[in-house]
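>>> here are the coordinates; sequence isn't available:
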Ligand code: DUC
Ligand code: ZN
Ligand code: ZN
């Protein structure tokens with residue numbers, strides 16, 4: 001007797017597609033086959049596709065964001081939107097707070113998350129102050145405890161690390177087999193251009209994109225790759241937005257370096273023109289790197305198709321629009337410099353890639369699964385417990401109606417923001433029912449599960 005059997009679906013993994021029933025017991029997949037037997041609950045998946053639940057390995061939730069600013073989502077609302085959009089695990093960033101032991105920042109972040117999540121979660125760390133104490137003691141201990149990846153920034157006041165500091169982080173990552181993720185934009189280019197745009201009175205949100213040109217991303221991507229090559233560590237270049245940066249990663253991979261790339265929905269379906277809106281409307285699209293142009297969109301698709309990018313994440317970083325603690329912060333009206341950086345996307349990521357990618361024939365369903373689930377699990381040390389439909393894997397599953405047609409609206413996404421940058425997009429295909437470790441959390445589009453998500457300590461990245 002199984003707890004649950006999912007019957008009659010078309011099952012796709014990162015490598016295969018086949019018809020079979022899935023038997024679940026104690027939250028784990030225990031049988032795959034035809035007519036596998038009785039269950040307390042049978043879910044009919046006839047006409048549906050059964051895929052591994054999405055893993056979104058790049059999200060920001062309740063992250064401290066500067067004076068007067070508050071992120072639009074707490075862990076409840078972010079993971080609610082995630083599960084409504086077919087995700088079963090998300091990986092948010094725990095920011096090292098200045099002057100606070102890293103372990104303390106991790107404890108504080110757990111206090112925000114524990115007991116509040118619809119999906120499972122696992123934290124990356126953001127290293128803003130790599131002191132000898134942090135690198136020599138705190139980080140190695142945290143890596144041993146399963147926080148096996150961290151992000152470094154090459155830009156932003158209070159976050160940017162020097163090349164020397166990045167090398168020191170990489171040396172520690174090499175020792176501990178942790179995975180370094182990098183935000184690659186040239187800080188001095190951005191500061192110089194921001195000052196000169198402001199001096200010309202060009203302060204509207206659209207000039208955010210002018211202040212962060214592709215060359216700033218390309219140069220920093222090349223430099224980050226060089227530092228990783230010198231350090232002999234793998235490197236994940238996150239949120240890649242354009243052809244030039246993508247080609248830097250391709251070249252590095254062709255030379256045999258373990259450089260891994262990520263892109264996000266905003267680089268497939270938005271452009272810098274979206275920042276042009278009247279008054280402050282453009283602030284809804286302010287994120288970094290900024291959305292670019294049609295050729296960049298095409299390049300990002302090629303990167304996804306050709307495995308230059310192996311993961312597709314949302315970079316969910318939500319601020320409410322009509323809110324003085326969000327995009328309409330009073331200082332933001334004086335200059336784009338002060339508009340909070342980031343856009344929501346945790347619930348829209350999977351439907352956008354399914355509709356624009358699978359339905360429009362740009363990628364096949366197996367590539368979709370790899371890009372949205374399996375490769376995240378492998379990259380961040382969760383495989384094969386996560387990201388797989390296999391005996392012994394967690395029963396994290398999304399049951400898709402591949403033909404459902406809808407116009408995307410913010411109301412469908414159930415997050416804590418007051419807008420989606422993807423409003424009005426025509427979407428074909430939707431994750432109707434989602435199970436997290438065997439429990440139905442969303443059934444036919446209706447949230448019904450409890451907040452039973454847990455924090456997952458992670459193993460070593462497949463790339464490390
Ligand atoms: N980088 C991110 O990864 N997210 C939002 C803003 C940023 O700069
Ligand atoms: Zn970033
Ligand atoms: Zn991010």
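Nice, thanks for sending it over. This one's a predicted model, so the numbers in the text were calculated from it and none came from an experiment. Ligands and ions are numbered 1, 2, ... in the order given.

>>> now residue 314. Its backbone dihedrals?
For residue 314, the backbone dihedrals are phi -90, psi -30 (criterion: degrees, to the nearest 10).

>>> residue contacts, the nearest residue to it once chain neighbours are set aside?
Leaving out its chain neighbours, the residue that sits closest to residue 314 by C-beta to C-beta, 6 or more residues apart in numbering is residue 345, at 3.7 Å. Just so you know, the C-beta spots here come from the backbone N, C-alpha and C atoms, and that holds for glycine as well. Counting by C-beta atoms under 8 Å, 6 or more residues apart in numbering, residue 345 touches 264-266, 314-316, 420-422.

>>> and residue 241, what does it touch?
214, 217, 263, 266-267, 289-292, 296, 300.

>>> quick one: secondary structure of the residue nearest the centre of the chain?
Central residue of the chain (C-alpha atoms, centre = their mean): residue 58, 2.6 Å from the mean position. What DSSP: H, G, I helix; E, B strand; the rest coil gives for residue 58 is strand.

>>> ok, for residue 409, nearest residue in space, not its chain neighbours?
residue 423 (6.3 Å).

>>> one more: residue 448?
residue 440 (6.4 Å).

>>> residue 9 now?
Nearest residue to residue 9 in three dimensions, chain neighbours excluded: residue 45, at 3.0 Å (C-beta to C-beta, 6+ apart).

>>> and stretch 228-239, how far from the chain's centre?
18 Å (C-alpha atoms, centre = their mean, to the nearest Å).

>>> can you tell me which residues in the chain are near ligand 1?
Within reach of ligand 1 by C-beta under 6 Å from any ligand atom, the chain has these residues: 60, 183, 238-239, 287-288, 315, 317, 341-342.

>>> if you set the cut-off to 8 Å instead, what comes out?
58, 60, 93, 151, 153, 155-156, 183, 185, 238-239, 287-289, 315, 317, 341-342 (C-beta under 8 Å from any ligand atom).

>>> mind jotting down where the helices sit in this structure?
75-84, 102-113, 132-133, 139-144, 163-176, 187-199, 207-211, 214-231, 243-254, 266-269, 294-305, 349-353, 365-369, 375-379 (DSSP state H).

>>> close enough to count as contact, residue 96 and residue 105?
Yes: the criterion here is C-beta atoms under 8 Å, and residue 96 meets it with residue 105 at 5.4 Å.

>>> how near is whichever residue of the stretch 151-300 of the chain sits closest to ligand 1 to residue 428?
Distances between the stretch 151-300 of the chain and ligand 1 by C-beta to the nearest ligand atom are smallest at residue 288, namely 4.0 Å. Shown here: residue 288 relative to residue 428, a distance of 30 Å by C-beta to C-beta, to the nearest Å.

>>> between those two, which one's more packed in?
residue 288 (21 against 17; other C-beta atoms under 10 Å).

>>> what are the phi and psi angles of the residue lying closest to the more buried one once chain neighbours are set aside?
Spatial nearest neighbour of residue 288, excluding adjacent residues (C-beta to C-beta, 6+ apart): residue 341 at 4.9 Å. Torsion angles at residue 341 (phi, psi; degrees, to the nearest 10) stand at phi -90, psi 120.

>>> surely residue 341 touches residue 289?
No: using C-beta under 8 Å, residue 341 is not in contact with residue 289; the gap is 9.9 Å.

>>> what are the ranges of the strands in the stretch 1-150 of the chain?
Using DSSP state E, counting those that start in this stretch, the strands assigned to the stretch 1-150 of the chain run over residues 2-7, 10-12, 17-19, 21-25, 28-33, 39-44, 49-52, 54-59, 87-95, 120-121, 124-126, 149-153.

>>> how about those strands in TSV, adding mean pLDDT?
As requested, the strands of the stretch 1-150 of the chain are exported to TSV (pLDDT from 0 to 100):
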stretch	mean pLDDT
strand 2-7	98
strand 10-12	98
strand 17-19	98
strand 21-25	98
strand 28-33	98
strand 39-44	98
strand 49-52	99
strand 54-59	99
strand 87-95	98
strand 120-121	98
strand 124-126	98
strand 149-153	98
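
>>> and residue 351, which of these is closest to it?
strand 54-59 (10.1 Å; C-beta to C-beta).

>>> what's the closest one packed up against?
Other elements packing on strand 54-59 under the criterion 3 or more C-beta pairs under 8 Å, 6 or more residues apart in numbering; DSSP states H and E are helix 75-84, strand 87-95, helix 349-353, helix 375-379.

>>> could you redo the last one with a cut-off of 6 Å?
strand 87-95, helix 375-379 (3 or more C-beta pairs under 6 Å, 6 or more residues apart in numbering; DSSP states H and E).

>>> could those go into JSON lines alongside mean neighbour count?
Conversion of the helices and strands packed on strand 54-59 to JSON lines gives the following (neighbours: other C-beta atoms under 10 Å):
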{"stretch": "strand 87-95", "mean neighbour count": "26"}
{"stretch": "helix 375-379", "mean neighbour count": "25"}
